[in-house]
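**Student:** Model the structure of this input:
(chains A, B, C and D)
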There are 2 protein chains.
Amino acid sequence: MSRKRSTRANSTDVARLAGVSIAAVSRAFTPGGSISPEMAERVRTAARQLNYVPNTLASSIITRRTNIVALLFPPLLNQVFAALLSEASLRLEEVGKQILLFTPLDEDDFDRTLQRMLEFQVDAIVVGAAPISSRMAALCLGRDVPVVMLGRHVPNLSVHSVRGNADDAGTKAADLLLRGGGRRFGIISGPQTFSKIVERQKAIVRHLALKGAQDELPVADGKMTYDGGYAAALELMRGDDPPDSVFGLTDIMAIGAMDAIRHELGLRIPEDVAVIGFDDIAEAAHKSYDLTTVRTPVRQMVQHMLTLIEPGAGLGEPQTIEIDAQLIVRGSTRAVPAA
Amino acid sequence: MSRKRSTRANSTDVARLAGVSIAAVSRAFTPGGSISPEMAERVRTAARQLNYVPNTLASSIITRRTNIVALLFPPLLNQVFAALLSEASLRLEEVGKQILLFTPLDEDDFDRTLQRMLEFQVDAIVVGAAPISSRMAALCLGRDVPVVMLGRHVPNLSVHSVRGNADDAGTKAADLLLRGGGRRFGIISGPQTFSKIVERQKAIVRHLALKGAQDELPVADGKMTYDGGYAAALELMRGDDPPDSVFGLTDIMAIGAMDAIRHELGLRIPEDVAVIGFDDIAEAAHKSYDLTTVRTPVRQMVQHMLTLIEPGAGLGEPQTIEIDAQLIVRGSTRAVPAA
DNA sequence: CTGAAAGCGCTTACAG
DNA sequence: CTGAAAGCGCTTACAG
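**Tutor:** Next up is the predicted model:
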């Protein structure tokens, strides 16, 4: 016993010390295992003496359940992803599931990343980033591993998806700016690879056209960043007839736009220009911005995700769950006259 | 073959189809395994046909390496934790390590959480939140599992820790406000359970006393939040002789304070009140705040963490690595006269 | 309730 | 390079 034992005690060691079979050790560490209280106690005492820690990997091989949910998120956590990850980890912890976090470095990596998830025998896969190939989707399904896309959607892909209703969100935003007296609109957009960007934009354009407002909307690329939104706002406001209402398709771009409009252009918000964002990140509520926005329903999204990764539930027809948008009216938009 | 096989193919299935031994299958999937190209190809073909995915758990039992690093973070990701997690996941991915993310719901849970980590046979543990008990630290050490505290430090605990030098940070902040002409100072602090809060505060008080400035500093509790910082600023500024210089011991509290000072009190920053923060979160650089701050060296912290979890490296004497503070001077503090 | 035995999916000396 | 066999740490019918 004086030699440094880097070897870890296993169930055989514990069984020997306790004078029982290894089956008894297993039962002592299995909730509800059929074992007498005395024997359980004897095993636990021996285990404590040996610093025994059960090897979950070994039991998982046999039970075919790891209790691990794989999460695929982009390496750069913007505030929306951070909120989503926060909420997901909280709720998964509550239901006793482990999280294996994957952050693929580049888009070519996705398939290999999914492969690694399967090698770890994860019980379910939640994709918060990235399109996945239909080949991998099929592979997961074939192994009864449910896949849920969180906040993104790939049409014709046979996996579940949960997200905010981007169409509803865009419509509500457009309606608010319109009823606030907006006449000339501008959009700060992002990469068209994000379905929610595309859909928010489409809904805005459709609603404005429907209501007889502008047909052709100026659109500037805000690159999904603060700096991008800042630059895009300057671009939009440059013309002869600049917008009196600006949609930032994410809050962080809208916030960049607000800073450009106020501090670079010296204009007032919302008197000269109304600004609306999407997501409701924490910063939107800060007094310097007080940004009107359409909330991304993080909590509900995660709630639905949880039901879809339940053992049986997730294996039927792929479900697409869309959660209605909630408008958060703050001070960056003009008041709407009472109807 | 027409029946739905929910059973997943294993190496025996592949071996049979390829007409080889299971050892050959193992070798075909082991980089550098001694196997002829032809046989490897034959195995891979069979594997593809069967949608075979190697079971990492089984191999980990034998090799005694999981390639998994456990990360312990609080469930509510503030911006600093989000940045730390982001950087850590990025760098761990680069070196081919998996992340098992744990977010204990309450402080009583820490020991049980660490226990679960060990059950998963993780190769290393990185603690971004929470004090851990010395009993658990000893257990990890006894199993040759290196433990690294990231951004926090518990004195007399036998684990590695990597963090910013809070003393240096506090000193540099105090020096800047002092040289900017500050006369009356106030501190917006947080829970004294955070070592970095305590140490930043201590360093500020010490440096101001040393330089013959105020002895007794008014301190208000900012609760580590925007709203808390907002309220704390109002509290500090209420007296007859309010501060002309405010330390927000985290950026988010400093930002809340700025909003209170400007929008509630109608004072100018930095003319009436200078404000300095700590951490350098993204928002600090946004034009509405333009907050002078002392950066938390996230990148370097993660870099050091990586070296400490290297197989051999992490097992010697516990190391405490402190990274010097970097002052980021922006517009929320008064200019310092040239020496 | 208890234990001996078979087995989960894999790796690794060992002998060829 | 290749395979038969032993073994990693555990669970689970099975028989008592």
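
**Student:** Please see if stretch A:147-163 touches chain B.
**Tutor:** No. Judged by C-beta under 8 Å from any C-beta of the partner chain, stretch A:147-163 and chain B are separated, with a smallest distance of 14.5 Å. Heads up, the C-betas are built off the backbone N, CA and C, glycines and all.

**Student:** Show the average pLDDT along that stretch.
**Tutor:** Mean per-residue pLDDT for stretch A:147-163: 88.

**Student:** quick one: contacts of that stretch?
**Tutor:** Stretch A:147-163 is contacted from outside by A:80, A:84, A:88, A:124-132, A:134, A:137-138, A:140-141, A:146, A:164, A:194-196, A:296, A:301-302, A:304-305, A:308-309, A:314, A:318-323, using C-beta atoms under 8 Å, 6 or more residues apart in numbering or on different chains.

**Student:** Would you mark the buried spots in it?
**Tutor:** A:147-154, A:157, A:159-163 (16 or more other C-beta atoms under 10 Å in any protein chain shown).

**Student:** same deal with stretch A:318-338?
**Tutor:** A:318, A:321, A:322, A:323, A:325, A:326, A:327, A:328, A:330, A:332, A:333, A:334.

**Student:** Can you tell me the element residue A:322 falls in?
**Tutor:** strand A:320-323 (DSSP states H and E).

**Student:** and whichever residue of the stretch 201-339 of chain A sits closest to DNA strand C, what is it in contact with?
**Tutor:** Using C-beta to the nearest atom of the strand, the single residue of the stretch 201-339 of chain A nearest to DNA strand C is residue A:311, 18.0 Å away. Residues in contact with residue A:311 (C-beta under 8 Å, 6+ apart) are residue A:123.

**Student:** Check the one 10 residues further on too.
**Tutor:** Taking C-beta under 8 Å, 6+ apart, we find residue A:321 in contact with A:160, A:161, A:162, A:163, A:304, A:308.

**Student:** so how far is residue A:191 from it?
**Tutor:** 24 Å (C-beta to C-beta, to the nearest Å).

**Student:** I'd say residue A:165 and residue A:325 touch.
**Tutor:** Yes. Counting by C-beta atoms under 8 Å, residue A:165 touches residue A:325, with 5.7 Å between them.

**Student:** Which residues are in contact with each of these two?
**Tutor:** With the criterion set as C-beta under 8 Å, 6+ apart, the contacts of residue A:165 and residue A:325 do not overlap.

**Student:** Mind listing what's buried along stretch A:207-215?
**Tutor:** In stretch A:207-215, counting by 16+ other C-beta under 10 Å, buried: A:207, A:208, A:213, A:214.

**Student:** Using CSV, please lay out the buried residues of stretch A:318-338 together with secondary structure and distance to residue A:59.
**Tutor:** Formatted as CSV, these follow (DSSP: H, G, I helix; E, B strand; the rest coil; distance: C-beta to C-beta, whole Å):
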residue, secondary structure, distance to residue A:59
A:318, coil, 31
A:321, strand, 33
A:322, strand, 39
A:323, strand, 37
A:325, coil, 44
A:326, strand, 43
A:327, strand, 49
A:328, strand, 47
A:330, coil, 51
A:332, coil, 54
A:333, coil, 56
A:334, coil, 61
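
**Student:** and the gap between the residue positioned nearest the centre of chain A and DNA strand C?
**Tutor:** Closest to where the C-alpha atoms of chain A average out (C-alpha atoms, centre = their mean) is residue A:84, at 3.9 Å. Using C-beta to the nearest atom of the strand, to the nearest Å, residue A:84 is found at 32 Å from DNA strand C.

**Student:** residue contacts, that residue?
**Tutor:** Applying C-beta under 8 Å, 6+ apart, the residues contacting residue A:84 are A:73, A:128, A:150, A:151, A:298, A:301, A:302.
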